[in-house]
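Chemist: no sequence for this one, just the structure:
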């Protein structure tokens, strides 16, 4: 058990290391010279050399990597070229909270809608309801989210005026306003994810419902709602948590698009703006952060398995 | 070795049994166009143990599942009448009415206890939940009762076992827990669906003994689904021999097994005696597919005494020499 | 999946069209888009980048069945030509991703010991980034344009391909061990060519058809974000993005290309699902 845990953590560490090398190379491979990008068009050779030394760009590349990694881990993510703002502070205080809020609501919505839909599909297998849910799930997963966002804006915000078109209000400052502004974006972002969860929930639940312990629960007179929601759903928690972990990447990717559609100042907007403005430090930080988030969450998912399935716990 | 022919038969019993606990009449079950059960009739007295015997696929377990009302209308179409005590027909019950029946008045022990216990909940929570829901006990009271039940089925250190998960117990232990859960509310009828087929031979006898002792102590009736003729003869008062969803022969275990009059029962018995195997796969050829069954006696395709009439016309279940038998040519083997 | 497993599926393919009406319909729709792509210059009523100051932001009419955009370009013509870009970018990038994934997956699947361990971590780290964000990173390095988008999207798809190829290789390897005795004498490369590749290529082709829609989605997403192909290329993502600001009074500008994109993606998803269910028994458990 402990050996397994160590192996898992070691794997994660190596994956993070590879991702960091890739992120570092991104800055090296990007066209243009960071010093020139920072100094603009007019500068003397002296200032150029000074800044080069200051940024450590005169050092050998491996040394630069080690320094960069050390800085990155300690929260020094450098500055933007144009406005010289501190990247770490900007991301942690401004961009990340927006993206995490959006992601949180989208996951909540996806689970809240997707799981019941999938369970009902499995219970009423092959009924008209099941077919309808399957069509909905397929459409949801295939529909381009950014176009869905625009459709929602057009219909619910512009035509009906029921929701604000765009903008972000922090829910921790104005809970009601924040929630209100989050409805359309999280609906947009979660549609794909709802489809995935419906399909996965249905498939695993169909298998679970065929297990003898379900028949046994019925045979000892458990009411049907308990048979399904207590005895059945408890057994699909593991695949559910797994898919949330694995789909986190998909959600973050969707968040990039959703943020652009609804003008939410999150990581996604930052990333797009950075590519257009050639702010490679921001691109690097965004990439590194997304990958790290994904890797760590999936490590947590792996570590949570024994909690979710007693059979994976050590025998006592 | 054949049954001694010279011994005088016991006088035919009229079998009055005024108030049978369970009376199944004309139970038929279709899956699609396949008729899995073909007008099965049987009765079970109070405190009686009955064995349903037959090869695998004979419909024994299907009868048990249908009796518990666990056959969904989508899976199968059921016809017939199931009288249980004061309830004239279980098949007419609505799902709501079943709630007071399952787990409370009738319960079931499954084939593979390891799969029939929910792996995600402790043994204790599954047992306590039945006690609390069905008997309305409080938390502490239910726990005390659960410990007593586990001790009753021969589990040592019962209080500690309550917090164990099913996978932490041995197969025998799991089946004991299953029995404890099934008997938690002192049901009037216990269905045991091949309760020992997943277990070691040494433990099989213990579990059967346990179920018999526990049901007898409670005055409950018990239906064993078995494919082991020897086990049936040791443990059950009465026996029903099934073949492909039809009742072949039924009656007191001693009467039927000491001098079987149905060719199928005879084949089953000779198979146990001569080959010494526990399994029932006695005859040449297989059971025909359910959509290619003869209209009459389904055993006709393999029967050594089959006549042209057998495959065409169904023999009625008639009383003969103290047992019920469905055969056009009953009698001792040639 | 082995060659012997796939052989009996061939006669089933004929019946598939009849057994799966949705699949048939979706295939026809997808083929319709392919036809639009091939014959775009012949079908489209106007050149896709022809601007007209007289006809700016006109609602759908007889002259312009899908209306015009803010430069007076005919949206129908742009949508038809857009199919060309979408399918061209989708197909080329999927092929790049499949080729890269095949190499990486073969190496990972055939290696052993610490090499295998490192290869697996490499694949894990590629998969740690969703394809769109990976593509954004590549765009940052490569710059914008149709060719750059193809390369960026292609590279971003290597990870998922590598994972499935490796899984298939492992399966073949297990089967090969059974008959290992007979293979001892054959050199390694010949084993790969004769036994591994044929068994990996077929599932790879299935994956390619399934992932075309993902490639199209990612590439149009890049264009929607404004970092993919450059205007005035008739790309659906770009058109949706351009029409976004006019949604309240010229909804057709985003709507028409959006409907085209959504229809193609849904059709491809149904086709992909059908192919997957027909040919990939592994996936029937609902991975």
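Modeler: Received the coordinates, thanks. Note that this is a predicted model, so its numbers are computed, not measured.
Chemist: residue B:194 touches residue B:226, doesn't it?
Modeler: Yes: Residue B:194 lies in contact with residue B:226 (C-beta atoms under 8 Å); the separation is 6.5 Å. For glycine as for every other residue, the C-beta is placed from the backbone atoms N, C-alpha and C.
Chemist: quick check: neighbours shared by these two?
Modeler: residue B:60 (C-beta atoms under 8 Å, 6 or more residues apart in numbering or on different chains).
Chemist: in terms of neighbours, single out the busier of these two.
Modeler: residue B:226 (26 against 21; other C-beta atoms under 10 Å in any protein chain shown).
Chemist: how far away is that one from chain C?
Modeler: Per C-beta to the nearest C-beta, to the nearest Å, residue B:226 is found 34 Å from chain C.
Chemist: what residues are up against that residue?
Modeler: B:51-53, B:60, B:194, B:232.
Chemist: phi, psi of it?
Modeler: Backbone torsions of residue B:226, given as degrees, to the nearest 10, read phi -140, psi 150.
Chemist: wait, a helix at residue B:81?
Modeler: No: counting by DSSP: H, G, I helix; E, B strand; the rest coil, residue B:81 is located in no helix; its state is strand.
Chemist: name whatever forms a beta bridge with it.
Modeler: Beta-bridge pairing of residue B:81 under DSSP bridges involves residue B:25.
Chemist: ok, how many other residues are close to it?
Modeler: Counted with other C-beta under 10 Å, residue B:81 comes out at 15.
Chemist: that one touches residue B:91, doesn't it?
Modeler: Yes: assessed by C-beta under 8 Å, residue B:81 is found in contact with residue B:91 at 6.9 Å.
Chemist: pLDDT weak spots in the stretch 151-287 of chain C?
Modeler: C:176-188, C:280-287 (pLDDT under 70).
Chemist: go again using 90 as the cut-off
Modeler: Within the stretch 151-287 of chain C, the segments meeting pLDDT under 90 span C:167-203, C:205-207, C:209-210, C:226-234, C:241-255, C:272-287.
Chemist: so which residues of the stretch 51-200 of chain A form helices?
Modeler: A:61-73, A:87-90, A:96-123, A:128-142, A:145-152, A:175-209 (DSSP state H, counting those that start in this stretch).
Chemist: would you format those as CSV with mean pLDDT and mean neighbour count included?
Modeler: Converted to CSV, the helices of the stretch 51-200 of chain A look like this (pLDDT from 0 to 100; neighbours: other C-beta atoms under 10 Å in any protein chain shown):
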stretch, mean pLDDT, mean neighbour count
helix A:61-73, 89, 13
helix A:87-90, 90, 17
helix A:96-123, 94, 20
helix A:128-142, 91, 17
helix A:145-152, 90, 24
helix A:175-209, 90, 22
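Chemist: pop out the phi and psi values for the closest residue to residue A:51 other than its chain neighbours.
Modeler: The shortest distance from residue A:51 to any non-neighbouring residue, by C-beta to C-beta, 6 or more residues apart in numbering or on different chains, is to residue A:35 (5.1 Å). Dihedral angles of residue A:35 (phi, psi; degrees, to the nearest 10) stand at phi -60, psi -40.
Chemist: got it, and the one 3 residues further on?
Modeler: Comment: the main-chain dihedrals of residue A:38 come out as phi -80, psi -40, following degrees, to the nearest 10.
Chemist: next, count neighbours for it.
Modeler: Applying other C-beta under 10 Å, I find that residue A:38 has 17 neighbouring residues.
Chemist: any idea how far the residue nearest to it when sequence neighbours are not counted lies from residue C:59?
Modeler: Nearest residue to residue A:38, sequence neighbours excluded (C-beta to C-beta, 6+ apart): residue A:81, at 4.7 Å. Per C-beta to C-beta, to the nearest Å, residue A:81 is found 44 Å from residue C:59.
Chemist: who has more neighbours, these two?
Modeler: residue A:81 (21 against 13).
Chemist: for that one, give me its contacts.
Modeler: Applying C-beta under 8 Å, 6+ apart, the residues contacting residue A:81 are A:34, A:37-38, A:278-279, A:281.
Chemist: who wins for most neighbours among these?
Modeler: Highest neighbour count within the contacts of residue A:81: residue A:279, with 23 neighbours (other C-beta under 10 Å).
Chemist: now the closest residue to residue A:188 other than its chain neighbours: how far from chain B?
Modeler: Among residues not flanking residue A:188 along the chain, residue A:149 sits closest, at 4.0 Å (C-beta to C-beta, 6+ apart). In this view, residue A:149 and chain B are 39 Å apart by C-beta to the nearest C-beta.
Chemist: residue A:149 reaches residue A:262, doesn't it?
Modeler: Yes: between residue A:149 and residue A:262 there is a contact at 6.5 Å, judged by C-beta under 8 Å.
Chemist: follow-up on the earlier one: just the closest of the contacts of residue A:81 to residue A:16, please.
Modeler: Among the contacts of residue A:81, residue A:281 lies closest to residue A:16 (C-beta to C-beta), at 19.3 Å.
Chemist: mind listing what the residue sitting nearest the centre point of chain A touches?
Modeler: When C-alpha atoms, centre = their mean is applied to chain A, the residue found nearest the centroid is residue A:252 (3.3 Å). By C-beta under 8 Å, 6+ apart, the contact list for residue A:252 reads A:99, A:103, A:267, A:290, A:293-294, C:130, C:133.
Chemist: and the pLDDT at it?
Modeler: Note for residue A:252: predicted pLDDT of 90.
Chemist: residue C:108 versus residue C:153, what's the distance?
Modeler: 22 Å.
Chemist: who has more neighbours out of these two?
Modeler: Comparing residue C:153 with residue C:108 by other C-beta under 10 Å, the one with more neighbours is residue C:153, at 31 against 24.
Chemist: quick check: that one vs residue A:98, distance?
Modeler: 26 Å.
Chemist: cool, and residue B:218?
Modeler: 65 Å.
Chemist: and for residue C:209?
Modeler: Counting by C-beta to C-beta - residue C:209 and residue A:98 are separated by 37 Å.
Chemist: same question, residue B:302
Modeler: 75 Å.
Chemist: cool, and residue B:95?
Modeler: As judged by C-beta to C-beta, residue B:95 and residue A:98 stand 49 Å apart.
Chemist: cool, residue B:50 as well?
Modeler: 69 Å.
Chemist: list the residues that contact the closest residue to residue B:247 other than its chain neighbours.
Modeler: Excluding its sequence neighbours, the residue lying closest to residue B:247 (C-beta to C-beta, 6+ apart) is residue B:40, at 5.5 Å. Contact analysis of residue B:40 by C-beta under 8 Å, 6+ apart lists B:24, B:26-28, B:59, B:63, B:80, B:242, B:245-247.
Chemist: of those residues, keep whichever come out buried.
Modeler: Among these, the ones that count as buried by 16 or more other C-beta atoms under 10 Å in any protein chain shown are B:24, B:27-28, B:59, B:63, B:80, B:242, B:245-247.
Chemist: the residues you listed: which two are farthest apart?
Modeler: B:80 and B:242, at 14.8 Å, using C-beta to C-beta across the buried ones among the contacts of residue B:40.
Chemist: contact residues of the stretch 1-150 of chain C facing chain A?
Modeler: C:118, C:121-122, C:124-125, C:127-133, C:136-137, C:139-141, C:143 (C-beta under 8 Å from any C-beta of the partner chain).
Chemist: keep only those of these that are in strands.
Modeler: Residues from these lying in strands, with DSSP state E as the criterion: none.
Chemist: for PyMOL, what selects the buried ones among those residues?
Modeler: Filtering these down to the buried ones (16+ other C-beta under 10 Å) takes a single PyMOL command:
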select buried, chain C and resi 121+122+124+125+127+128+129+130+131+132+133+136+137+139+140+141+143
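Chemist: now, which of the residues of the stretch 1-150 of chain C next to chain A lie within helices?
Modeler: Within the residues of the stretch 1-150 of chain C next to chain A, residues falling in helices by DSSP state H are C:118, C:121-122, C:124-125, C:127, C:131-133, C:136-137, C:139-141.
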